[in-house]
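Colleague: A structural model of the following input is requested.
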Amino acid sequence: MGRIKIKAVYLFIVLLLATSIIFLFLLLNGKNTKSNVEVFTLNGEGIYWTVENHKVIRTKNTIWRGSAGLHYLGNEEDIVDSNYFSYQFVEVKGNYETETVLAGSSNSSTNEGVNILGNIDKLGSISGPLSPREKQMTKDDFERSYMIVAWTDSKGEEKSERIELNIADHIELK
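Modeller: Take a look at the predicted model:
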């Protein structure tokens, strides 16, 4: 039994060394290149909602967006009987053109309603290949992003809010 443990430890050390050597090689060879990964964290606050930790992760070939948390700033009783909720993250292209890059919605035609508060801790995410426009986007371009939240309140009144997003953190990994 002791020999098996020694062999397992030996194998672990060999794998750890091999992984470290490969990582060091990749790190040294990528020194003079542009960032391989950029991570943007965006936050925003409106009258009714706060958006926290919306992530945009851009690599050389892909882009991933999502995992934001949304918090209602009003009295929760105002939305407990809602039957509709939607959100969309929008990025500005050029001067005026916009693109919805992530969206989700819930609605109910029954009297049970939509559990808004139970479904907004981590909103959805999406990933895909990097488009030519997304390759050219700068930090300032991402900072012009915004979110639109639409819902019905407990009285059935339709409401919406546009929340401007600000970059809370930007990390570049080479």
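Colleague: The spatially most central residue of the chain: what's it in contact with?
Modeller: Note on the chain: the residue nearest the mean C-alpha position is residue 66, at 2.2 Å, using C-alpha atoms, centre = their mean. Shown in contact with residue 66 (C-beta atoms under 8 Å, 6 or more residues apart in numbering): 54, 55, 102, 123, 124, 125, 126. For glycine as for every other residue, the C-beta is placed from the backbone atoms N, C-alpha and C.
Colleague: Produce a PyMOL select command limited to the buried residues of the residues you listed.
Modeller: Selection of the buried residues among the contacts of residue 66 in PyMOL, burial being defined by 16 or more other C-beta atoms under 10 Å:
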select buried, resi 54+102+123
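Colleague: and the contacts of residue 66, which of them are in strands?
Modeller: Residues from these lying in strands, with DSSP state E as the criterion: 54, 55, 102, 125, 126.
Colleague: Look up the residues forming beta bridges with the second one.
Modeller: Counting by DSSP bridges, residue 55 is bridged to residue 41, residue 66.
Colleague: wait, it sits on residue 39?
Modeller: Yes. Counting by C-beta atoms under 8 Å, residue 55 touches residue 39, with 6.6 Å between them.
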